[in-house]
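S.K.: A structural model of the following input is requested.
(one chain, ligands or ions: 1)
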Amino acid sequence: MALESLTKPIEETLRDLLSSQRFPLGRLAEAARYTALSGGKFFRPQLVMATAELYNVPLKHTLYPACALELIHTYSLIHDDLPCMDNDDFRRGQPSLHKAYNEGHALLTGDFLLTYAFEVLSHSPHISSDQKLSLINTLSKRAGALGMIGGQELDLASASQDISLETLFSIHQKKTAALITAALEFGGILGASPHMATLTLIGEKIGLAFQIFDDLKDSDDLDKARASVMAFMSPEKAQAYADELIQSALNHLQSINCSTNSLQDLLKNIHN
Ligand code: GRG
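M.R.: Sure, this is the predicted structure:
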């Protein structure tokens, strides 16, 4: 499956899930569409679909779970941009949500997306109740206090402090890699994979690499107090370390030995 062919169904499903037909009252869905459909890469939903493809899961079975993950990602970006967090006025080249609407509305839109993601999972068509429960359990753990939110808390607590490389990687593992790991696990759950532990390992490795590449891209953004790998090593060393993580993930993927290239392609293009 060509990676570009994944983007359109993801976008269409998000547009439908956040449509004014489904939400005729209020402006939460409108505000959610403002951020969710503003040119993100859809990396996490693509990962879900490419992993499910390893097990020949039909595309239409993957769409709701893949989009649920993007809803969580979108909420995290909206809340992260708020003045009490990263205080960013722009996201994807347009005013952040709290600038386009207001802070209260941005907070509520994030809350809406967080709760709606679980509703979407519970309504996912074509999949069994056991699979739905497993997806809900995985997402609540990966997005919660031991995952993404725990990472954000650690990040806030470490702001403007000297932290060790170990602590930095722990922040990255939770804040960024947890949701990426959930994407691999989602694909595995949808495909009733016998390789769940390997998929988790691949998710952890590429999640850390993804954040290191993001740190490298942001390396000239010196205003930010956000913990970055650039405080610990040269760009060349950081790049080499991230490349090693990707190579190791690719080796693990090869050990699964399924006949597909989409996931491999995604992993190889992670730095873009
Ligand atoms: C819930 C407040 C709150 C925070 C959770 C995930 C997170 C912590 C905050 C989001 C901001 C951030 C710096 C996340 C690190 C992960 C990352 C590099 C996000 C950007 O992801 P991309 O590159 O973005 O996939 P697009 O725009 O393509 O969707």
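S.K.: list the contacts for Leu113?
M.R.: Residues counted as contacts of Leu113 (Cβ atoms under 8 Å, 6 or more residues apart in numbering) are 32, 36, 71-72, 74-75, 78. To be clear about C-beta, it is placed using only N, CA and C from the backbone, and glycine gets the same treatment.
S.K.: next one: Asp265
M.R.: Per Cβ under 8 Å, 6+ apart, neighbours of Asp265: 3, 50.
S.K.: hmm, Val48 is touching Thr62, no?
M.R.: Yes. With contact defined as Cβ atoms under 8 Å, Val48 reaches Thr62; the gap is 5.8 Å.
S.K.: which of the two has more neighbours?
M.R.: Neighbour comparison, Val48 and Thr62: the larger count goes to Val48, with 31 against 28 (by other Cβ atoms under 10 Å).
S.K.: ok, and the closest non-adjacent residue to the more buried one?
M.R.: Ala66 (4.0 Å; Cβ to Cβ, 6 or more residues apart in numbering).
S.K.: same question, Ile206
M.R.: Nearest residue to Ile206, sequence neighbours excluded (Cβ to Cβ, 6+ apart): Ala249, at 5.0 Å.
S.K.: quick one: contacts for that neighbour?
M.R.: Ala249 touches 201-202, 205-206, 209, 267, counting by Cβ under 8 Å, 6+ apart.
S.K.: read off the pLDDT value for it.
M.R.: On the pLDDT scale, Ala249 is placed at 97.
S.K.: next one: Ala225
M.R.: If you check Ala225, the pLDDT there is 55.
S.K.: and Leu6, by the same measure?
M.R.: 87.
S.K.: identify the contacts common to Val48 and Thr62.
M.R.: Common contacts of Val48 and Thr62 (Cβ under 8 Å, 6+ apart): 187, 190.
S.K.: what residues does the stretch 1-150 of the chain put near the ligand?
M.R.: 40-41, 43, 76-77, 79-80, 85, 92, 148 (Cβ under 6 Å from any ligand atom).
S.K.: the closest residue to Thr198 other than its chain neighbours: what's it in contact with?
M.R.: Spatial nearest neighbour of Thr198, chain neighbours left out: His252 (5.4 Å); criterion: Cβ to Cβ, 6+ apart. When contacts are counted by Cβ under 8 Å, 6+ apart, His252 is found next to 198, 201-202, 205.
S.K.: and what of Ala157?
M.R.: Contacts of Ala157 (Cβ under 8 Å, 6+ apart): none.
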